[in-house]
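A.B. asks: just a sequence and a predicted model for now, questions to come.
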Amino acid sequence: MLVLTRKLGENIRIGDSVKITVLEVRSGQVKLGIEAPPEVKVHREEIYARIQEENRRAQRGKPEGDSETPPAGAKQENG
């Protein structure tokens, strides 16, 4: 895991198309701004986990071998 330290107003770049900005730090919380193209799905971890669980449930309801199209909300992971 890469660990970075940023101050208020500073940025992190992920590839050429994703920019994360530290907008606010207060009371143990950090507010981040994320600029990403529409094809890059951005979710909070708990929402992502819920989407993955819904996709698993939907996949169990399909006949075997019917996996030509990815489930809604599926995210392709990079390494």
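C.D. replies: Here it is on my side, so go on.
A.B. asks: next, the buried residues of stretch 10-23.
C.D. replies: Within stretch 10-23, the residues scored as buried using 16 or more other CB atoms under 10 Å are 20, 22. Any C-beta I mention is one placed from the backbone N, CA and C, and that applies to glycine too.
A.B. asks: gap between the two ends of that stretch?
C.D. replies: 8 Å (CA to CA, to the nearest Å).
A.B. asks: show me the contacts for L23.
C.D. replies: 8-9, 31-33 (CB atoms under 8 Å, 6 or more residues apart in numbering).
A.B. asks: what's the worst-scoring helix or strand of the chain on mean pLDDT packed up against?
C.D. replies: Every helix and strand of the chain was ranked by mean pLDDT, DSSP states H and E. The lowest is helix 45-60, at a mean of 95. Helix 45-60 sits against no helix or strand, with contacts defined as 3 or more CB pairs under 8 Å, 6 or more residues apart in numbering; DSSP states H and E.
A.B. asks: if you count neighbours, what's buried in it?
C.D. replies: Residues 51, 55 are the ones in helix 45-60 that count as buried (16+ other CB under 10 Å).
A.B. asks: where's the residue nearest the centre of the chain, which helix or strand?
C.D. replies: Central residue of the chain (CA atoms, centre = their mean): V42, 3.5 Å from the mean position. Using DSSP states H and E, V42 falls within no helix or strand.
A.B. asks: point out where the protein drops to low pLDDT.
C.D. replies: Residue ranges of the chain with pLDDT under 70: 63-79.
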